[in-house]
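Q: This is a predicted model, with the sequence first.
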Amino acid sequence: MPESLLEIEDLHTHIATPRGIVRAVDGVSLSVARGAAVGLVGESGSGKSMTGFSVLRLFPTARARIVRGRIRLASRDLLALDDEAMRRVRGGEIAMVFQDPATFLNPVLPVGRQVAEAYAMRHGWPRAREHAIEALALVGLPDPDRLYHRFPHELSGGMRQRVVIAMATVCRPLLLIADEPTTALDVTIQAQILDLLARLRRELGMALLLITHDLGIVAEVCETVAVMYAGRIVESGPADRVFAAPGHPYTQGLLASALSVEETRPITRVMEGTVPDLAALPAGCRFHPRCPFVMDRCRADDPPDLTLAPGHVAACWLHDAAMAGGPAR
Amino acid sequence: MASGGLTLRRYAAGRLLQAAPLLLGVVVVNFLLIALAPGDPVATLLGEYPAPPEYVARLRQEFGLDQPIPVRLALYVWNVARGNLGFSFAYRLPVAQLVVERLVNTFLLMATALTLAAALGVGLGVAAARRPGSGLDAASTGVSLAGYSIPDFWLAQLLVLLFAVALGWLPAQGIRSVREEYTGLAAALDVGRHLILPALALSFRYMALIARLTRASMLEAMSQDFILAARARGLPERLVLVQHGLRNAALPVVTVIGYNFAFVLAGSALVETVFGWPGVGRLLYDAILQRDTPVLLGILLMVSATVVVVNLLVDLLYAVLDPRVRY
Ligand SMILES: Nc1ncnc2c1ncn2[C@@H]1O[C@H](COP(=O)(O)OP(=O)(O)O)[C@@H](O)[C@H]1O
Ligand SMILES: [Mg+2]
């Protein structure tokens, strides 16, 4: 068992909205080993981004708050750090890249400067420039010396995403959280960016938490997968196992829709409905209104994590020992 | 980038060339307006004293007022093109010298007022935007409202009453002390003391405007994704605020400050009158009363030229601040 780097335990992050409290993260537990690549998948609105932001203790809205849980990085309790210490963790040990490189770059500053900033803040300017140019070269950008002085609008989407990745990796983080890093890009560029992330992970020895709605991406890059639904991890385990023998009906549905889209097969069994309103979660299992195997018990009780195989768990009553006879349809 | 610098320079040269016909238009229109207006500068010059008709005729000839208007216009344009703005009837000085002297005083006043307005306005706007809805935000809204609604001249008189008359801290009139003979640093300090009240009076409205604008612009900038990205890199909040927030929020603020330059110039005429500040505003006022046509024309021309140049500088500054601007 490799040494654990990030440990999230029973994390709850709420957003106070006029409609009520949105339980964006509702009891997530997740761990990432040193140098590992973990995929966090699920439909849009299931709380994946909020989980990533929670690890940085930084949110796109002032209304979001971590209300409960534990986040440890290399056995340091991140939730116990004061603001100043937490700020130093950001961009240092943990970095994050986001979906749309166009809007996450400051339009009026040269890209090299933006790459250098995080390093300069820690080690001073003259060296930061060199390191930024190195970081630009490392992400595969040509002519980094000249590129340093260019502005975001002068670069293509793929180049911008490489710049954003250089920005995140300039301080050699232990963990990179990549939130839909290829969603805004062309398909051909997507593959290049995924290759880049895999290569950086090897060369820098950093761990990767890859947030995506695309199972294909996870299959390509990650050894471990966690499937998130409506604020909770409903299944997790080794990627090949989860994809070969999905234990949760939600994962099965996701896989079915992914196959039907990618291989343009006739749609066999695609999930209906959408992620529930996180301000008004259904009672019992949060997936039961969409579940093809729903039982009475699912409407009343929230299933705990049940182990299917070593390291493979699913939160579904179908796998309760008492139900060993198999699912009743 | 060398090519970028070259483009910018070419653009600036083009803009200045474009300004030439505009300034010619200013000269012609102003000349005709004044030449066709009722009133006779010679009569004003002579005042109420009776003068022999030969003397009046000689004066008219000396000033070229006996020529038909198109000839006078052509002559004037020709002289202006060679840098000769004429001779003041009233001051018996070359117009260019007179106007430049006064323009320098006006610029001193304006530069001080605008610097004050920009520094306080941006500071107040940023502070308000950091915590929208806070007490500080409300206070800044109050100050802005006051800035919009208090007339300059009334504020000017209030300042005089308080700081000059009641407290006696600061002089209320002129640009330097009449009774003392200061030199060097002491002279500069003396001018500085005279500058405070008129600069405050002139700056208040613009400070209010800049504060409002900065607040709105800053709120917009700080809600952008790249601010989140800057924080995710662990940058200290001060750096996020200035390098990423204000650097973007400054764009509209710079534009508005620049394009308000002409209005600040107009506002300074009023303030100069209240404070007896020997600027171009005062000169304009006197020139109108005395029908000192060459001075009037000279002021209008030089002020127009200044506004053109300042607007160009603002556009260039904008291009430097915002790399996305293309010409
Ligand atoms: N800025 C925000 N303000 C209010 N609610 C938000 C914000 N961002 C996300 N949410 C809510 O949090 C929940 C989880 O969102 P998110 O983590 O972005 O999902 P995902 O990344 O899986 O698509 C959603 O219900 C969404 O409406
Ligand atoms: Mg998301």
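A: Right, received. Where do you want to start? Ligands and ions are numbered 1, 2, ... in the order given.
Q: Up against chain B, what does the stretch 51-200 of chain A have?
A: Counting by Cβ under 8 Å from any Cβ of the partner chain, the residues of the stretch 51-200 of chain A close to chain B are A:56, A:58, A:60, A:87-92, A:95-96, A:98, A:100, A:103-109, A:117-118, A:121, A:149, A:151, A:153, A:164, A:167-168. Heads up, the C-betas are built off the backbone N, CA and C, glycines and all.
Q: Please pull out the lowest mean pLDDT helix or strand from chain B.
A: Sorting the helices and strands of chain B by mean pLDDT, DSSP states H and E puts helix B:41-46 at the bottom, at a mean of 72.
Q: following that helix, which helix or strand shows up next?
A: Once the chain leaves helix B:41-46, the next helix or strand it forms, by DSSP states H and E, is helix B:53-62.
Q: C-terminal to that next one, what's the next element?
A: Next helix or strand after helix B:53-62 toward the C-terminus (DSSP H and E): helix B:69-81.
Q: what packs against that following helix?
A: With contacts taken as 3 or more Cβ pairs under 8 Å, 6 or more residues apart in numbering or on different chains; DSSP states H and E, helix B:69-81 sits against helix B:2-36.
Q: close to chain A, is the helix it packs on?
A: No - using Cβ under 8 Å from any Cβ, helix B:2-36 stays clear of chain A, with a minimum separation of 10.1 Å.
Q: Tell me the helices and strands packed up against that helix.
A: Counting by 3+ Cβ pairs under 8 Å, 6+ apart, the packing neighbours recorded for helix B:2-36 are helix B:69-81, helix B:293-321.
Q: Of those helices, which stretch is the most buried?
A: helix B:293-321 (a mean of 19; mean count of other Cβ atoms under 10 Å in any protein chain shown).
Q: Residue 27 - how many residues pack around it?
A: No chain specified, so I'll use chain A. 16 (other Cβ atoms under 10 Å in any protein chain shown).
Q: should've been chain B
A: Here the number of neighbours of B:Val27 (other Cβ under 10 Å) works out to 19.
Q: Can you name the residues that contact it?
A: B:76-77, B:80, B:297, B:301 (Cβ atoms under 8 Å, 6 or more residues apart in numbering or on different chains).
Q: that older thread, with respect to ligand 1, which of the helices and strands packed on helix B:2-36 lies nearest?
A: With respect to ligand 1, and counting by Cβ to the nearest ligand atom, the nearest of the helices and strands packed on helix B:2-36 is helix B:293-321 at 29.1 Å.
Q: How about the closest one and chain A, any contact?
A: Yes - judged by Cβ under 8 Å from any Cβ, helix B:293-321 comes into contact with chain A through B:Leu321.
Q: Run through the neighbouring helices and strands of that helix.
A: Here helix B:293-321 is seen to pack against helix B:2-36, helix B:95-130, helix B:247-259, helix B:261-275, helix B:280-289 when contacts are counted using 3+ Cβ pairs under 8 Å, 6+ apart.
Q: Need the pLDDT of the residue positioned nearest the centre of chain A.
A: Closest to where the C-alpha atoms of chain A average out (Cα atoms, centre = their mean) is A:Ile211, at 2.6 Å. At A:Ile211, the pLDDT value in this model is 97.
Q: buried stuff in whichever strand or helix holds it?
A: Element membership for A:Ile211, per DSSP H and E: strand A:207-212. By 16 or more other Cβ atoms under 10 Å in any protein chain shown, the buried positions in strand A:207-212 come out as A:207-212.
Q: gap between the closest residue to B:Val77 other than its chain neighbours and B:Arg102?
A: Once flanking residues are discounted, B:Val77 sits nearest to B:Val27: 6.0 Å by Cβ to Cβ, 6 or more residues apart in numbering or on different chains. Using Cβ to Cβ, to the nearest Å, we find B:Val27 at a distance of 19 Å from B:Arg102.
Q: what domains does the record give for chain A?
A: Following automatic domain parsing, chain A resolves into domains at A:4-93+A:173-319, A:104-172.
Q: How far off centre is the first one?
A: Going back to what we said before, that points to domain A:4-93+A:173-319. 6 Å (Cα atoms, centre = their mean, to the nearest Å).
Q: What's the end-to-end length of that domain?
A: 27 Å (Cα to Cα, to the nearest Å).
Q: And the helix ranked longest in chain B, what's buried?
A: When chain B is parsed with DSSP state H, its longest helix is helix B:184-222. Within helix B:184-222, the residues scored as buried using 16+ other Cβ under 10 Å are B:190-191, B:194-219, B:221-222.
Q: relative orientation of the helix or strand just after that helix and helix B:184-222 in degrees?
A: Next in sequence after helix B:184-222, counting helices and strands by DSSP H and E, comes helix B:225-232. Orientation check (axes from the mean of the first three to the mean of the last three Cα atoms, to 10 degrees): helix B:225-232 against helix B:184-222 gives 100 degrees.
Q: For the helix or strand that comes right after helix B:225-232, what is the distance to the chain centroid?
A: With elements assigned by DSSP H and E, the helix or strand that comes after helix B:225-232 is helix B:237-239. Offset of helix B:237-239 from its chain centre (Cα atoms, centre = their mean): 34 Å.
Q: Contacts (any at all) between chain A and helix B:237-239?
A: Yes - interface with chain A: helix B:237-239 contributes B:Leu239 (Cβ under 8 Å from any Cβ).
Q: I'd like the average pLDDT over that helix.
A: Averaging pLDDT along helix B:237-239 gives 93.
Q: do the same with stretch A:85-94
A: Stretch A:85-94 comes out at a mean pLDDT of 96.
Q: what's that stretch in contact with?
A: For stretch A:85-94, using Cβ under 8 Å, 6+ apart, the contacting residues are A:55-58, A:73-74, A:78, A:81, A:96, A:118, A:121-122, A:168, A:171, A:173-177, B:231-236.
Q: buried sites along that stretch?
A: For stretch A:85-94, a neighbour-count test (16+ other Cβ under 10 Å) marks A:86-87, A:89-94 as buried.
Q: name the element A:Thr13 belongs to?
A: strand A:4-17.
Q: Now the element after that strand, going C-ward?
A: In N-to-C order, the element after strand A:4-17 by DSSP H and E is strand A:20-33.
Q: can you tell if that following strand touches chain B?
A: No - using Cβ under 8 Å from any Cβ, strand A:20-33 never reaches chain B; the gap is at least 15.9 Å.
Q: That strand versus strand A:207-212: what angle between them?
A: Going by the same axes, to 10 degrees, strand A:20-33 makes 140 degrees with strand A:207-212.
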